[in-house]
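Asker: Predicted structure and sequence below. I'll ask about it afterward.
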Amino acid sequence: MFNKGDGVLIVMQNGYASATGQQYLPSSKGNRSGAPIGISIENAVRSLGVTWLRTVRTHSVAKMVATLKEAMRSAERGLKVIIADGECMLARQRRGRDRTPQGLNAASAW
């Protein structure tokens, strides 16, 4: 934004810090106790002056491709931001596991 560049930025919004083990951060939906944070990536990006902004579900592949094409073909100059919104799959897998002692076996034990 500062240098008035023309490009596309994709922000992966999964509620956690990327690839570091589910640490909470200001853009998380809640803190460790579950209380809402109140900060959104969309509001932060808009506050910097971004006008071209789209939010797309991460696993909607066709819609994501269409949105990327729209961003790259847009006549609007400047930064275009796509927020790829979807749950962290590692968190989803962990939440779905049977965590009882009989549900843990050698293959799934930590």
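Answerer: Structure's in. What do you need? Residues are numbered from 1 along each chain as shown.
Asker: residues near the closest residue to Leu9 other than its chain neighbours, how many?
Answerer: Using CB to CB, 6 or more residues apart in numbering and skipping residues adjacent in sequence, the residue nearest Leu9 is Val81, 4.9 Å away. No exception for glycine: its C-beta is placed from N, CA and C like everyone else's. Neighbours of Val81 under the rule other CB atoms under 10 Å: 22.
Asker: At which residues are the strands of this protein located?
Answerer: According to DSSP state E, the chain carries its strands in the segments 7-13, 52-57, 79-85.
Asker: shouldn't the residue nearest to Leu9 be in contact with Thr51?
Answerer: No. Between Val81 and Thr51 there is no contact under CB atoms under 8 Å: 9.5 Å.
Asker: any shared contact partners between these two?
Answerer: Common contacts of Val81 and Thr51 (CB atoms under 8 Å, 6 or more residues apart in numbering): none found.
Asker: what are the bridge partners for the residue nearest to the spatial centre of the chain, then?
Answerer: Of all residues in the chain, the one closest to the mean position by CA atoms, centre = their mean is Gln13, 1.1 Å from it. Residues in a beta bridge with Gln13, per DSSP bridges, are Asp85.
Asker: Mind listing what's buried along stretch 59-72?
Answerer: 64, 67-68, 71 (16 or more other CB atoms under 10 Å).
Asker: Actually, stretch 69-88.
Answerer: For stretch 69-88, by 16+ other CB under 10 Å, it's 71, 79-88.
Asker: just to revisit the earlier point, just the pLDDT for the residue nearest to the centre of the chain.
Answerer: On the pLDDT scale, Gln13 is placed at 82.
Asker: and what of the one 3 residues further on?
Answerer: As summarised for this prediction, Tyr16 has a pLDDT of 62.
Asker: again, but for the one 3 residues further on
Answerer: At Ala19, the pLDDT value in this model is 52.
Asker: low-confidence ranges in the chain?
Answerer: 15-29, 91, 97-110 (pLDDT under 70).
Asker: So for Trp52, what's the nearest residue that isn't a sequence neighbour?
Answerer: Lys80 (4.2 Å).
Asker: Helices of the chain, residue ranges please.
Answerer: 41-47, 61-73, 89-96 (DSSP state H).
Asker: Make a markdown table out of these and add distance to Gly5.
Answerer: Formatted as a markdown table, the helices of the chain follow (distance: least, CB to CB, whole Å):
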| stretch | distance to Gly5 |
| --- | --- |
| helix 41-47 | 15 |
| helix 61-73 | 14 |
| helix 89-96 | 31 |
